[in-house]
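1. Dropping a prediction and its sequence here:
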Amino acid sequence: MNLSDLPKAIFLAGPTASGKTDLAVKLVESGPFEIISVDSALVYRGMDIGTAKPDQETLEKAPHRLIDICDPTDAYSAARFRNDALEAMQEIIAFGKIPLLVGGTMLYFKALQFGLSNLPESDRQIRQRLELQLQEHGSAWLFQQLKTVDPAICERLHPNDPQRIMRALEVYEITGEPMSRLQASNGKQQLPYQLSKYVIAPNDRSVLHGRIASRFNSMIEQGFEEEVRNLMTIDGMHENLPSMRSVGYRQMLMYLRGDYSREEMIERGIIATRQLAKRQFTWLRADPEYTWLGGDPVSQIFQNLSRNE
């Protein structure tokens with residue numbers, strides 16, 4: 001099949017607070033698009049303020065798929081995202097529209113476009129035991145356990161990255177094989193779409209930093225603290241869950257625990273968000289397939305689509 005015979009799809013990526021949602025809504029209002037969220041935090045119900053989840057008015061104008069699809073006590077993986085996104089894309093194409101994938105979780109974009117290794121699904125019992133070990137011994141201890149069975153994967157992981165460490169240990173326990181070996185032995189799956197990839201981001205980094213600070217302070221005013229307090233009353237909730245390791249939530253939890261003052265929590269939350277944006281920039285700049293949008297991004301995207309007819 002020729003590339004021109006494949007259905008169209010668009011990636012709209014960018015650092016946090018870059019204006020992705022506003023642009024996506026404009027595209028939906030003026031063209032045959034439907035949004036699929038590409039965000040590892042927006043999948044969680046009840047995490048609204050700290051994730052800058054689109055409000056009800058926005059969602060009525062431009063519905064987003066893959067928002068509010070699991071509880072914050074659940075683990076949501078890149079593999080699960082890929083399956084969910086592919087299913088949503090097929091449905092959107094069947095409706096005669098173009099999938100518009102919007103977000104800032106770069107690993108999800110990569111997983112969707114290139115596929116993932118055929119690793120086993122998470123095992124709840126093993127995961128719960130590893131989480132107990134994490135709480136009892138800490139991330140560095142788990143890292144040392146992993147080093148004895150998969151030293152190669154440890155070269156790519158940070159000792160203070162418990163989620164990825166636990167996943168690698170879990171894969172080893174389920175399969176008896178190091179995760180690094182399984183990843184190396186599995187091929188990639190190309191996304192069967194005519195794909196256009198765009199980035200929206202301000203040229204001046206100080207503009208983005210200003211938006212990040214303004215948005216974090218706005219979250220505080222909207223009741224972010226109360227949101228996190230309510231989340232922590234849910235059965236099975238604890239601070240080492242993937243949902244609670246999202247930027248902003250970690251800092252708020254440390255404030256509620258008494259480790260930070262209110263002012264320090266706000267400062268550290270803003271700094272952590274800026275660091276996230278820096279990592280997103282680094283990832284996006286390393287991918288030559290992305291087009292960086294300029295002054296009139298809506299027109300630019302439509303012009304590119306028409307050229308590919």
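-> Happy to help now that I have it.
2. pretty sure Ile126 contacts Val171?
-> No. Using CB atoms under 8 Å, Ile126 makes no contact with Val171, being 9.6 Å away. Glycine gets a C-beta too; all of them are placed from N, C-alpha and C.
3. Which residue of the two possesses the greater neighbour count?
-> A count of neighbours by other CB atoms under 10 Å puts Val171 above the other of Ile126 and Val171, at 24 against 16.
4. just checking, that one touches Gln183?
-> No. Using CB under 8 Å, Val171 and Gln183 do not qualify as a contacting pair, with a distance of 9.3 Å.
5. what do these two both touch?
-> Leu119 (CB atoms under 8 Å, 6 or more residues apart in numbering).
6. which parts of the helix or strand bottoming out on mean pLDDT in the chain are buried?
-> Across the helices and strands of the chain, mean confidence by mean pLDDT, DSSP states H and E is lowest for helix 179-185: a mean of 82. Residues Met179, Ser180, Leu182, Gln183 are the ones in helix 179-185 that count as buried (16 or more other CB atoms under 10 Å).
7. what sits against Asp235?
-> Asp235 neighbours (CB under 8 Å, 6+ apart): Thr73.
8. Can you read off the pLDDT for it?
-> The confidence metric pLDDT takes the value 96 at Asp235.
9. Then it would be within a strand, right?
-> No. Under DSSP: H, G, I helix; E, B strand; the rest coil, Asp235 falls outside any strand and is assigned coil.
10. Which other helices and strands does the lengthiest helix in the chain contact?
-> Using DSSP state H, we find that the single longest helix of the chain is helix 262-285. Here helix 262-285 touches helix 106-114, helix 205-222, helix 249-256, going by 3 or more CB pairs under 8 Å, 6 or more residues apart in numbering; DSSP states H and E.
11. Quick check: which of those helices is nearest to Ala41?
-> Counting by CB to CB, Ala41 lies closest to helix 249-256 out of those; the figure is 8.1 Å.
12. contact partners of the closest one?
-> By CB under 8 Å, 6+ apart, helix 249-256 touches 47, 50, 224-225, 228-229, 232, 239, 243-244, 260-262, 264-265, 268-269, 272.
13. which residues of the stretch 151-300 of the chain score low on pLDDT?
-> 185-189 (pLDDT under 70).
14. re the thing from before, ok, then the element right after the longest helix of the chain?
-> strand 290-292 (DSSP states H and E).
15. That following strand pairs with which strands, and in what direction?
-> strand 194-199 (parallel) (DSSP bridges).
16. Next, the angle helix 106-114 makes with the partner strand.
-> Using axes from the mean of the first three to the mean of the last three CA atoms, to 10 degrees, one finds that strand 194-199 and helix 106-114 are set 160 degrees apart in direction.
17. Report the distance from strand 194-199 to the chain centre.
-> Mean-position distance between strand 194-199 and its chain equals 18 Å (CA atoms, centre = their mean, to the nearest Å).
18. what do you get for stretch 51-70?
-> 15 Å.
19. Show me which residues of that stretch are buried.
-> Thr51, Ala52, Lys53, Pro54, Ala62, His64, Arg65, Leu66, Ile67, Asp68, Ile69.
20. swap in stretch 290-304?
-> Buried, per 16+ other CB under 10 Å, within stretch 290-304: Tyr290, Leu293, Pro297, Ile301.
21. likewise stretch 67-81?
-> Quick answer for stretch 67-81 (16+ other CB under 10 Å): 67-69, 71-81.
22. pLDDT on stretch 95-115, on average?
-> pLDDT averaged over stretch 95-115 gives 95.
23. Just the terminal-to-terminal distance for that stretch.
-> 25 Å (CA to CA, to the nearest Å).
24. circling back to that earlier point, can you list the helices and strands packed on helix 262-285 in CSV and add distance to Ser30?
-> Shown next, in CSV, are the helices and strands packed on helix 262-285 (distance: least, CB to CB, whole Å):
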stretch, distance to Ser30
helix 106-114, 24
helix 205-222, 24
helix 249-256, 35
